[in-house]
Each structure stands twice: as C-alpha cells, then as structure tokens.
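1. Structure of the sequence below:
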Amino acid sequence: MRQVSSMPRLVLLSLLSLPLAGCASFGGSALVASSAPADLSGPAVSAIAGDMVTKFAEQVGPGSGTIILKPDGTPFGQALETSLKSWGYAVATDQKTKGEKTIPLAYVIESYNGQVLARLSTASVELGRAYSATAAGASPTSPLSIMQRG
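-> Model prediction:
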C-alpha cells in the first residue's frame, strides 16, 4: 500500500471531517460538550489556549458578551478560561447569566499523527489550527482556519 505524506493526510482528514462539523456545531443556543486530551503538557495547553484566544479576539472582541464555557475538567479547559479572562472576556462556566448577551463557546482538541488539532466554535465563528506540541510548549504548524456563519 502506498504511503501518504503527513500534509496531504491532514488535508484529507480535514475534508472528511467537514460533514461532521455540523454535528459538533451549535444548534440554537445549546452548547456541545467540549473535549481535550488530558495528556498534553501544561506549557503546551497554555501555548495553544493563548494562541487560539488571540485569534478569537480578532474575530469576537472582548466586551461583546459573556462567554459561556462548558469545560471538560482538562488542563486545556482551565488554560482556555484563564486566557479568555486575561484578554478581558467575562466568562461564565455555570451556564447561568442574567439578561446579558451570551456567547456559547466550545472547544475540541484532538491528537492526530503527532500533531494537535485545535478548534474553537461559537454560533457565528469557528477557528481551527494544527500545532506541534512538546513538553516545553506548542507552536502552530498550519495557518489559521476561519469559518464565519450567518
């Protein structure tokens, strides 16, 4: 059987997972369960969360509403919440807000072929990026993918 190099394999995986993206997206205001592997190092989760929140802030500025985050108890969920707060976002994890504009946010972190694939999703925008993670940190290995809705 012929070997497929890693970049075409990543593109193929992305194309094959597009039909599933709708299944993991928001329907109305409902949150999907966020998930991240627990085995990523602290510096790696901090680097990925920091980079993704920086890109998120370019699309959805702080002060545009309270972020509703349903964490999964992993270090990434905690790092994402910390990073969002450091950027000036109001974050609610108990899903209870009173009369203010809310922005449900979900994340998915997956390990694939030696890389970490990260995705942040809201009802209006979805961000995705691949990273190379080590015990000392993480660095992007792909351009940022942005999908805007409605």
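
2. which one is Leu120 nearest to, not counting chain neighbours?
-> Leu127 (4.7 Å; Cβ to Cβ, 6 or more residues apart in numbering). C-beta here means a position set from N, CA and C on the backbone, and glycine is covered the same way.

3. what secondary structure does the one you found sit in?
-> strand (DSSP: H, G, I helix; E, B strand; the rest coil).

4. Is it bridged to anything, and to what?
-> Beta-bridge pairing for Leu127 (DSSP bridges): Leu120, Ile146.

5. ok, it to Ile103 distance?
-> 13 Å (Cβ to Cβ, to the nearest Å).

6. so who does the residue nearest to Leu120 touch?
-> Met52, Lys55, Phe56, Gln59, Arg119, Leu120, Ser121, Leu144, Ser145, Ile146 (Cβ atoms under 8 Å, 6 or more residues apart in numbering).

7. Quick check: which helices or strands does the strand or helix carrying Ile48 pack against?
-> For Ile48, the enclosing helix or strand under DSSP states H and E is helix 42-59. Judged by 3 or more Cβ pairs under 8 Å, 6 or more residues apart in numbering; DSSP states H and E, helix 42-59 is in contact with helix 75-86, strand 115-121, strand 125-134, strand 137-140, strand 145-148.

8. and the angle from the third one to strand 115-121?
-> In other words, strand 125-134. 160 degrees (axes from the mean of the first three to the mean of the last three Cα atoms, to 10 degrees).

9. can you pull the buried residues of strand 125-134?
-> Val125, Glu126, Leu127, Gly128, Arg129, Ala130, Tyr131, Ala133 (16 or more other Cβ atoms under 10 Å).

10. Likewise for the longest one?
-> Counting neighbours by 16+ other Cβ under 10 Å, one finds that the buried residues in helix 75-86 are Pro75, Phe76, Gly77, Gln78, Ala79, Leu80, Glu81, Ser83, Leu84.
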